[in-house]
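Engineer: Sequence and predicted structure below; questions after.
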Amino acid sequence: MKLNKLLLSLLLTGLCSTGFAQSSKELIKKKEALQRQIELAEKNLNKTASGKKLTLTEINTIKAQVRLMQDKISTINSEMKNLDHQITENTGKVHNLQNRLSDLKKEYANMIRFAQRNRNSYDKMMFVFAASDFNQAYKRIKYLQQFGQYRKKQAAYIQGTEKDLSNQIVVLDKDLKNKNNLLKEQVSEKSKLDKKKIEQTVVLNQLSKQEKQYKQDIQKKRQQQEAISREIRAAINREIAAARKKAEEEERERERIAAAKAKAENRPAPAAPAKPKSATTSEMLRATPEAAKLSAAFENNRGSLPAPVATGYIVQHFGAYKVDQATANSDGVTYNTAEGTAVRAVFNGKVASISPFQGRYFILINHGEYFTVYSNLKSVSVSKGETVSTKQVIGVVGDSNGVGELEFQVRKGDKAQNPEGWIAR
């Protein structure tokens, strides 16, 4: 019974450790991804900081770096918590194995003493012949045989337990070393974050000296965003109008077929149906089975869509934002990335529109009731009406002050959605 309980305990702790190990792997991947983003931001910052005039891109890059560094430290803290759990469990395993080894050695010692007392063949024969009948004598012979086999098994158990104990101590030592390395990494990252915050303070002080110029940059950016938003809404409205026209044509065709069939059968023509209530935008965009299916598939992938660029970091989030005294609103998110980075469709769909805008392009992709928008493309590699698949390259990102910059939106009809709720983290 004790052995069963011990094995169950070890099994459960082993399963828990496996869970932590998997989680730790995910945290390590996340930390590595954050480090790549931090390094890319630093590379971009070196490009934008070469001029004397402070730029909006430079300020946003430093803000993004601070956020990424804080995320990395948070990830390290999560790693350390996992390691603490693993260390606690592995310490418990070591203690259990030590206790088990002690019990096994005691049992084995008792068996050895018993064997010493009954070591000659005469004693064994007397033990058998002292039986009251043949059945009992047979059982005593089997007992002696099983006792010898059990003693060998106990010796093997002791050797196996000693090996398990040795292995577990190695694992525990490794966990302790990993925790020590994480502590050092945490101290290093906090030091880097402190330096970056000082740099941010210097930049913000510089911003106050260039406040007028910076407000002009914000105003220019706001005007650009408003202009492109109008273009996007107009493109979406054209798609909605086309969907409405198609639905009306299909309804007239059904009425024509019904009338022709009634005439052929010498029946009165069916009465014209009452004019239905005007369909909503969602109903128009989901009118066909194909569109409805595509919309449902897009909705089912909320939170798991790939990012529109394979490498990059978000410098501008969705919604209203404020820097110093200047305020603006964003209908999507802005990614900073390397120059020449490929832009990818985040889901299957159809290219609804490709429009030039101030020397760049924006692409509108239809996903049934939903649309995704990719703005500030230097060049495009798809055409209007083309069907695209998830992660298919649709163009190349344009630059801003030498840094690749992509504006990305998700819309339900003409209503802007927060893309960060749709993209996999």
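Structural biologist: Everything's here; your move. This is a predicted model, so every value here is computed, not measured.
Engineer: Next, count neighbours for Glu42.
Structural biologist: Using other C-beta atoms under 10 Å, Glu42 is surrounded by 13 other residues. Placement of C-beta: from N, CA and C, glycine included.
Engineer: Next up, the contacts around Leu83.
Structural biologist: Ser24, Asp175, Asn178, Lys179, Leu182 (C-beta atoms under 8 Å, 6 or more residues apart in numbering).
Engineer: List just the nearest of the residues you listed to Glu255.
Structural biologist: Nearest to Glu255 out of the contacts of Leu83 is Ser24 (C-beta to C-beta; 64.6 Å).
Engineer: Can you read off the backbone torsions of that closest one?
Structural biologist: phi -60, psi -40 (degrees, to the nearest 10).
Engineer: how near is Glu185 to Met80?
Structural biologist: 10 Å (C-beta to C-beta, to the nearest Å).
Engineer: likewise Glu386?
Structural biologist: In terms of C-beta to C-beta, Glu386 sits 49 Å off from Met80.
Engineer: more crowded one of those two?
Structural biologist: Met80 (17 against 14).
Engineer: in which helix or strand would I find that one?
Structural biologist: Assigned by DSSP states H and E, Met80 falls within helix 56-117.
Engineer: likewise Val373?
Structural biologist: strand 370-380.
Engineer: pull the CA atoms of that strand into PDB?
Structural biologist: Presented in PDB, the C-alpha positions along strand 370-380 are these (Å, rounded to 0.1, in the frame of the first residue of the first chain):
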ATOM      1  CA  TYR A 370     -15.400  41.600 -42.600                       C
ATOM      2  CA  PHE A 371     -12.600  43.600 -44.200                       C
ATOM      3  CA  THR A 372      -8.900  44.000 -43.500                       C
ATOM      4  CA  VAL A 373      -6.900  47.000 -44.600                       C
ATOM      5  CA  TYR A 374      -3.200  47.300 -45.300                       C
ATOM      6  CA  SER A 375      -1.900  50.800 -45.700                       C
ATOM      7  CA  ASN A 376       1.400  52.500 -46.600                       C
ATOM      8  CA  LEU A 377       2.500  49.800 -49.100                       C
ATOM      9  CA  LYS A 378       5.400  50.700 -51.300                       C
ATOM     10  CA  SER A 379       4.400  48.200 -53.900                       C
ATOM     11  CA  VAL A 380       1.600  45.500 -54.400                       C
END
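Engineer: Name every strand pairing with the next helix or strand after it and say which way it goes.
Structural biologist: Counting by DSSP H and E, the next helix or strand C-terminal to strand 370-380 is strand 387-388. Note on strand 387-388: by DSSP bridges, its sheet partners are strand 349-357 (antiparallel).
Engineer: Distance from the chain centre to the helix holding Met80, please.
Structural biologist: A distance of 25 Å separates the centroid of the chain from that of helix 56-117, by C-alpha atoms, centre = their mean, to the nearest Å.
Engineer: Now Leu176. Nearest residue, chain neighbours left out?
Structural biologist: Ile87 (6.6 Å; C-beta to C-beta, 6 or more residues apart in numbering).
Engineer: how many other residues sit next to the one you found?
Structural biologist: 16.
Engineer: Provide a list of residues in contact with it.
Structural biologist: Counted by C-beta under 8 Å, 6+ apart, Ile87 has contacts Leu172, Asp175, Leu176, Lys179.
Engineer: Check the secondary structure at Tyr361 for me.
Structural biologist: At Tyr361, secondary structure determined by DSSP: H, G, I helix; E, B strand; the rest coil is strand.
Engineer: which residue packs closest to it, ignoring adjacent ones?
Structural biologist: Sequence neighbours aside, Leu377 is the residue nearest to Tyr361 in space, at 4.4 Å (criterion: C-beta to C-beta, 6+ apart).
Engineer: For burial, what's the neighbour tally of that neighbour?
Structural biologist: Residues near Leu377, counting by other C-beta under 10 Å: 22.
Engineer: follow-up on the earlier one: now which of the contacts of Ile87 would you call buried?
Structural biologist: Buried by 16 or more other C-beta atoms under 10 Å: Leu172, Asp175, Lys179, out of these.
Engineer: a markdown table for those, including distance to Ser282 and secondary structure?
Structural biologist: Formatted as a markdown table, these follow (distance: C-beta to C-beta, whole Å; DSSP: H, G, I helix; E, B strand; the rest coil):
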| residue | distance to Ser282 | secondary structure |
| --- | --- | --- |
| Leu172 | 58 | helix |
| Asp175 | 53 | helix |
| Lys179 | 53 | helix |
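Engineer: Pick the one among those closest to Arg36.
Structural biologist: Nearest to Arg36 out of the buried ones among the contacts of Ile87 is Lys179 (C-beta to C-beta; 24.1 Å).
Engineer: wait, doesn't that closest one sit right on Asn82?
Structural biologist: No. The criterion here is C-beta atoms under 8 Å, and Lys179 misses it with Asn82 at 9.9 Å.
Engineer: Among the buried ones among the contacts of Ile87, which has the minimum pLDDT value?
Structural biologist: Ranked by pLDDT, these bottom out at Leu172, which has 72.
Engineer: can you pull the contacts of that residue?
Structural biologist: Residues near Leu172 by C-beta under 8 Å, 6+ apart: Ile87, Asn90, Thr91, Val94.
Engineer: what does Leu364 give?
Structural biologist: By C-beta under 8 Å, 6+ apart, Leu364 lies in contact with Ile232, Ala235, Ile236, Glu239, Val351, Ala352, Ser353, Ile354, Ser355, Phe371, Thr372, Val373.
Engineer: Could you check the angle the host helix or strand of the first one makes with strand 349-357?
Structural biologist: Okay, so that is Ile232. Assigned by DSSP H and E, Ile232 belongs to helix 211-264. With axes from the mean of the first three to the mean of the last three C-alpha atoms, to 10 degrees as the basis, helix 211-264 and strand 349-357 are set at 140 degrees to each other.
Engineer: Tell me, how many residues neighbour Phe408?
Structural biologist: 24.
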